[in-house]
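S.K.: sequence and predicted structure, then a few things I'm wondering about:
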Amino acid sequence: MKPIRLSILALALAGITSAHAGKTLDTIKQRDQIAVGVSTGVPGFSAADSQGRWTGLDVDIGKAVAAALLGDANKVKWVPLASQQRFTALQSGEVDVLSRNTTVTLTRDASMGLAFTAIAFYDGQGFMVPAKSKVKSAKQLKGATVCVQSGTTSEKNLADFSRTYKLNLKPVVFDKFDAANAAYFAGRCQVYTTDTSGLASVRAKDAKDPKEHLILPELISKEPLGPLVRRGDDEWLAIVRWVVNGLLEAEENGITQANVDQLKADSTDPVVGRLLGKTEDTGKLLGLDRDWLARAIKAVGNYGEIYERNVGEKTPVGLARGKNRLWTDGGLHYALPLR
Amino acid sequence: MRALLWQALALIGLLAGLLWLVHNTQVNMAARGIQSGWDFLGQTAGFDIGEQLIAFDAGDSLARAFLVGLLNTLRVALLGILLCTLLGTLVGLGRLSHNWLLRALCRAYVELFRNVPLLVQLLVWYLLLVEYLPDSAAAWSWRDALFLSKAGLAFPTLVTGAGGWNDWSAWHWQLPALQDFGIEGGGALSPEFIAVTLGLSCYTAAFVAEVVRAGLRSVPHGQIEAAQSVGLSRRQTLRLVTGPLALRVILPPLTNQYLNLTKNSSLAVAIGYPDLVSIANTTLNQTGRAVECIAVIMLVYLALSLLTAALMAVFNRRVALKER
Amino acid sequence: MAVWPMIPARAAPVRQDSWLAWVRRELFGGWLNALTTLALLAWAVSALPGLADWTLWQAVWRPDADACQAARGSGACWGVIAEKQRLILLGRYPTPEHWRPVLASGLLLALVVASGLRRCWNRWLLPAWLLVWAAFFALMAGGFAGLAPVPTERWGGLPLTLMLATLSILLACPLAVLLALGRRSRLPAIRVLCACYVELVRGVPLISVLFMASFLFPLFLPAGTTPDVLLRVLLGIALFAAAYLAETVRAGLQSVPAGQVDAAASIGLGWWQTQRLVVLPQALGAVVPGLMNSFISIFKDSSLITIVSLYELTGSLGLALSGDPVWRPYMIEGYCFITAIYFVVCAAMSRYSLWVERQQAHALTR
């Protein structure tokens, strides 16, 4: 069993070091490891194989932050959290950052003592029905029973949608993701609802034949997913925010996992030079060294590579880039400039 | 003198401990920006509840959501108490029967249901109901009035006509009928409700059976022999002599079992039945007010326990032997 | 002298102990009895062959998904147990280290069984317990002597159930004795405090205590300390169990005659000595069945930690099967498996309790 961690040292450090230091940052540096809260198994976002190796989009962001801050993408402790524990685990300090396909909302940002860092994935809530039910649109779902997970934005959005279109949808609420899946696939409810990325992931993993299930075209809500940290730790928040933006800027400027070393040595582009620490040291402003972004890109690639590797069209999850393209391609990802 | 010293020390120690906990909690909550207070109960719920005894809409307050949860818990608890008493008494009597097969069967029932955890039993009941019942489209029906399917048991209800409550002639039966998305109309018992009620009843019935058996065996044999010598038949003996005497021994542990059943109904959160714990869980996740939500759960169950204990104490006193 | 006429010989009395007599008495004693027997036999004849068919004759024993799919509906798929047994029994523990939880739980079980045998009740028992607990945690957690470290969130399955049940019982017992003694104390403040604690904890469901342990304990402690979730849950179960055990111990304390306390006082024993040497042995001995009943309850309640996402036996079954679309249809067989495990352990405990009662009855009648 882990010993109880007393952070008297961290508090003392916070007292004597300069204004840049925050409690979380100190704890991480002292522990030499980041505790990242992930889900209990959503393929494409955060899932562990039978050997205990974690892969996914949220996982790659965690690895990028570890590479940037601590120098090694493997200095991460992955803490699987069920939906009901995720916020209290972050609030209590059990994890340092929650990278768990969590929607950024007003309530979560303002009233729970948490702060959002950046949007990693633009999603929306959708519905999945068995193909044989011949439903083609969400507005035809009058009176249907819907399996949904408790305590999520999906539950509230479902209620709003039902009221707006007077569909009288009957929710069957489960506190565990697996239980909600199992009930839908067993036929207890006729519809399943969660973020569309979650629907694709569930269909890929849990359906006996993915073609037997149809994801309806309507998106009934905006679900911007991104990592969350605790309020009050501005330095830590800045690091996570700018790592995510850095990965997007890397894709905008054509830096990939394969060519990052070569570009760092040879590139004459001033933007690339600034990103990779060749001409300017942006890391100093964050409390990191100059190679922070180069290390992150070397560890996991740029945003496009992360997307294609985990949830892209060639993976079982099979999501097109869609809204998650860069702004230059007509999507929503607009990286804040790193300068 | 020393006694006072010990007590004072104990009280001061406990008070100091509690103050330390409260102080820590306040510091932690302030540091993390978590708000506290009971005003969140007035906020709009924002979520629907699948089963409601009173009308509830996503626009109603969280306090009303908790009330719906409480009513759902009471619904399960009361029906469960009724069923488990019936089943438990039958099994308890069966264990004392003269027929060996019946005794062995009842004993097997008691042993099986007592030695397996309740959560496993509830999950198995739910699995059986959801996997092996047919889809709504192919529901088992009885005379087009009752339908049993994965969506639960649909039954006809009596509804008022256009004239409202007073117009007796307009009251009519509303029969359930198969529509696009399942069975509409009439009332329905969801599979979650059926699973929780049956699971709780069968589990508690095993304990009630043992309590009934102990009570019946505690009646002195002399009483039974005296009854037989007066000419009462076996059934009359059971009803007039054994029963009342055994009842006094049965009541206290029976109360305990009823309390256990009420508390065990909180396990419905694992199946998806929207009882009080499930609604509190949802609220905890939606608003982040962990302390208040858990406090609500504990206070309500404490109140229910104390109420049941008080009721049974009154009943007990009325049937207690009045010594002359 | 007169010769008395011999009365005719009477038939020999009917043997009451032959099996035929037993059948006539137990199964066909009266008309209602006979009717019940016939009804039950008819039900057995109609239902049992189908059940035996599904469970045994047409069941698939090999871990072969296609064979199971072919036999679906007519035969059970026990192959799912063969396929997933490691995941169900050991949770997410890393596969190459599986020998460690197996060895650890084997040691723990052996010690628990040994502690129940009268032959082992000597002064080596306490050091043995400490040694086995140290070995258990060392084996499960690792991190030294070449054993790979395994964090507590990977622990699961049967070892976790055994550990939680046993450790929470061991922690709850001393607290229960103190609470029971406190409730019978002459000092009103202590009496009220103990009564309040016991009534409060007995009035709330275990789930709320587990939620409190999982969500609130970190808030109650000073900023920065984050005790392990397993430790928090263990503490929650121990505090809950202590209240129930306290009531049983209190019943035992009430059964000890007041004369015993007077006699102890007359030979000069202080209050603690009286309790330790005279009252508690008699009190605890009198309520062994009640205590064993509570222990069985605590063991069954350990399955509830599934709700706070710790994967003991019930949770690891869900983990093993619900995410796997190939084997998910055979969850019923999985549940039969863990039901059998729970049944065996609980039934063993209740048999042991009956044995202890019989030993006591012997002792009292000597």
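M.R.: The structure has been received and is ready for your questions. Residues are numbered from 1 along each chain as shown, chains lettered A, B, ... in the order given.

S.K.: in chain B, which ranges drop under the pLDDT threshold?
M.R.: The model of chain B has pLDDT under 70 over residues B:32-33, B:161-165, B:320-324.

S.K.: next, count neighbours for residue C:268.
M.R.: 7 (other Cβ atoms under 10 Å in any protein chain shown). All C-beta atoms are positioned from the backbone trio N, CA, C, and that covers glycine.

S.K.: you'd agree it is in a helix?
M.R.: No. Under DSSP: H, G, I helix; E, B strand; the rest coil, residue C:268 falls outside any helix and is assigned coil.

S.K.: hmm, whichever strand in chain A runs longest touching chain C?
M.R.: Determined from DSSP state E, the single longest strand within chain A is strand A:121-130. No. Using Cβ under 8 Å from any Cβ of the partner chain, strand A:121-130 stays clear of chain C, coming no nearer than 14.4 Å.

S.K.: quick one: that strand to chain centroid distance?
M.R.: With Cα atoms, centre = their mean, to the nearest Å as the basis, strand A:121-130 stands 16 Å off its chain's centre.

S.K.: and the next element down the chain from it?
M.R.: As assigned by DSSP states H and E, the chain's next helix or strand after strand A:121-130 is strand A:145-149.

S.K.: quick one, what contacts residue A:39?
M.R.: A:45-47, A:58, A:80-81, A:100-101, A:177 (Cβ atoms under 8 Å, 6 or more residues apart in numbering or on different chains).

S.K.: which ones among those residues map onto helices?
M.R.: Mapping the contacts of residue A:39 onto helices (DSSP state H) picks out A:58, A:177.

S.K.: now do residue C:198, the pLDDT please.
M.R.: Per-residue pLDDT puts residue C:198 at 92.

S.K.: what residue ranges in chain C score low on pLDDT?
M.R.: Low-confidence segments of chain C (pLDDT under 70): C:223-224, C:364-366.

S.K.: the longest helix along it and chain B in contact?
M.R.: If you go by DSSP H, chain C has its longest helix at helix C:331-365. Yes. Under the criterion of Cβ under 8 Å from any Cβ, chain B is reached by helix C:331-365 at C:331-332, C:335, C:338-339, C:342-343, C:346-347, C:350.

S.K.: what is the nearest of those residues to chain B?
M.R.: Ranked by distance to chain B (Cβ to the nearest Cβ), the residues of helix C:331-365 next to chain B are led by residue C:346 at 3.7 Å.

S.K.: that closest one: neighbour count?
M.R.: By other Cβ under 10 Å, 20 other residues sit near residue C:346.

S.K.: tell me the contacts of the residue nearest to it when sequence neighbours are not counted?
M.R.: Spatial nearest neighbour of residue C:346, chain neighbours left out: residue B:115 (3.7 Å); criterion: Cβ to Cβ, 6 or more residues apart in numbering or on different chains. Residue B:115 is in contact with C:296, C:342-343, C:346-347, C:350, counting by Cβ under 8 Å, 6+ apart.

S.K.: any idea how far residue A:226 is from whatever residue of chain A ends up closest to chain B?
M.R.: Nearest residue of chain A to chain B (Cβ to the nearest Cβ) works out as residue A:151 at 2.4 Å. Separation of residue A:151 from residue A:226 (Cβ to Cβ, to the nearest Å) stands at 18 Å.

S.K.: next one: residue A:156
M.R.: Using Cβ to Cβ, residue A:156 is found at 19 Å from residue A:226.

S.K.: just the buried residues of the contacts of residue A:39.
M.R.: Buried by 16 or more other Cβ atoms under 10 Å in any protein chain shown: A:45-47, A:58, A:80-81, A:100-101, A:177, out of the contacts of residue A:39.

S.K.: greatest separation within the residues you listed: which pair is it?
M.R.: A:58 and A:177 (14.5 Å; Cβ to Cβ).

S.K.: domain-wise, how is chain A divided?
M.R.: The record's domain parsing of chain A by automatic domain parsing lists A:2-122+A:225-244+A:306-321, A:125-221.

S.K.: adding mean pLDDT, write these out as a markdown table.
M.R.: Shown next, in a markdown table, are the domains of chain A (pLDDT from 0 to 100):
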| stretch | mean pLDDT |
| --- | --- |
| domain A:2-122+A:225-244+A:306-321 | 81 |
| domain A:125-221 | 87 |
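
S.K.: so in chain A, which helix runs the longest?
M.R.: When chain A is parsed with DSSP H, its longest helix is helix A:234-252.

S.K.: now do the very next helix or strand once past that helix: everything it contacts.
M.R.: Remark: after helix A:234-252, the chain's next helix or strand is helix A:260-266, criterion DSSP H and E. Contact partners of helix A:260-266, identified using Cβ under 8 Å, 6+ apart, comprise A:250, A:255, A:272, A:276-278, A:294, A:297-298.

S.K.: could you export helix A:260-266 as CSV, keeping only the C-alpha atoms?
M.R.: In CSV, the C-alpha atoms belonging to helix A:260-266 read as follows (Å, rounded to 0.1, in the frame of the first residue of the first chain):
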residue,chain,number,x,y,z
VAL,A,260,10.9,17.1,-35.2
ASP,A,261,14.6,16.4,-34.5
GLN,A,262,15.6,17.3,-38.1
LEU,A,263,13.5,20.5,-38.0
LYS,A,264,15.0,21.5,-34.7
ALA,A,265,18.5,21.3,-36.1
ASP,A,266,17.9,22.7,-39.6
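
S.K.: buried sites along that helix?
M.R.: Across helix A:260-266, burial judged by 16+ other Cβ under 10 Å covers A:260, A:263-264.

S.K.: quick one on the thing from earlier: and the residue of chain A closest to chain B, that's in a helix?
M.R.: No. Read with three-state DSSP, residue A:151 is coil and lies in no helix.

S.K.: which ones are touching residue 246?
M.R.: Since you didn't name a chain, this refers to chain A. Residue A:246 neighbours (Cβ under 8 Å, 6+ apart): A:68, A:275, A:293, A:296-297, A:335, A:338.

S.K.: chain B is the one I meant
M.R.: Residue B:246 is in contact with B:212, B:215-216, B:218-219, counting by Cβ under 8 Å, 6+ apart.

S.K.: so which residues of the stretch 151-300 of chain A form strands?
M.R.: With DSSP state E, counting those that start in this stretch, the ranges of strands along the stretch 151-300 of chain A come out as A:170-174, A:191-195, A:213-215, A:221-225, A:228-230.

S.K.: in the stretch 151-300 of chain A, what residue comes closest to chain C?
M.R.: With Cβ to the nearest Cβ, the shortest gap between the stretch 151-300 of chain A and chain C falls at residue A:178, namely 4.4 Å.

S.K.: quick check: that residue touching residue C:321?
M.R.: No. With contact defined as Cβ atoms under 8 Å, residue A:178 does not count as touching residue C:321 (9.5 Å).
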